[in-house]
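[1] next one to model:
(one chain, ligands or ions: 1)
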Amino acid sequence: MQIQMLAVGNKMPAWVSSGFEEYQKRFPRDMSLDLIEITPQKRGKKAELGKIKNQEGEALLAAVPKGNRIVTLEVHGRPWTTPQLAQQMAGWQMDGRNVSLLIGGPEGLSDACLAAAEQRWSLSPLTLPHPIVRVIVAESLYRAWSLNNNHPYHRE
Ligand SMILES: C[S@@+](CC[C@H](N)C(=O)[O-])C[C@H]1O[C@@H](n2cnc3c(N)ncnc32)[C@H](O)[C@@H]1O
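    Just a heads-up that it's a prediction; the model follows:
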């Protein structure tokens, strides 16, 4: 299975990139975690933020390969514990489709992205900065994988 993280934002600080890569490189060959960055729209003084959100949403959805399961990252999504996430991951593998995880920019995800989601995942009731979200998602997925594969990384 391939898990594709589609995230609005580029030119991340080095600590974000190295934090993400630290977990990305731990995934086994049969479950890759790939990151695709969507270039944010320009935010000038007169920028219409709703329009920007929709344009970024269109770019996110255009980058989803046909047939992928779409999972959005949202404050108001489902808060999964690690065992629940591990269960979800096992279900994704059984289902056989690849997974696209959508992470919005400062304006969040467009209505079209939310409507396209099969599942909506919340990491916390707090609104988190999008660069940090990618690192937490990478770590949480690795932890869920380790639980499903009896790897000692995760301890209850
Ligand atoms: C800075 S937040 C966007 C805030 C925006 N005002 C909103 O209401 O969505 C950027 C992105 O990070 C992700 N995100 C932020 N906090 C999150 C959380 N607690 N759980 C899941 N995803 C989160 C979402 O994908 C969000 O679109």
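[2] residues contacting the closest residue to Ser146 other than its chain neighbours?
    Leaving aside its chain neighbours, Ser146 sits nearest to Tyr153 (3.9 Å; criterion: C-beta to C-beta, 6 or more residues apart in numbering). C-beta here means a position set from N, CA and C on the backbone, and glycine is covered the same way. Neighbour list for Tyr153: 142-143, 146 [criterion: C-beta atoms under 8 Å, 6 or more residues apart in numbering].
[3] mind running it again at 10 Å?
    By C-beta atoms under 10 Å, 6 or more residues apart in numbering, the contact list for Tyr153 reads 26, 139, 142-143, 145-147.
[4] for Pro131, same thing?
    7, 9, 12-13, 15-17, 19-20, 103.
[5] is it possible to get TSV of those residues that adds secondary structure and neighbour count?
    Shown next, in TSV, are the contacts of Pro131 (DSSP: H, G, I helix; E, B strand; the rest coil; neighbours: other C-beta atoms under 10 Å):
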residue	secondary structure	neighbour count
Ala7	strand	23
Gly9	coil	20
Met12	coil	18
Pro13	coil	9
Trp15	helix	10
Val16	helix	18
Ser17	helix	16
Gly19	helix	19
Phe20	helix	22
Ile103	strand	25
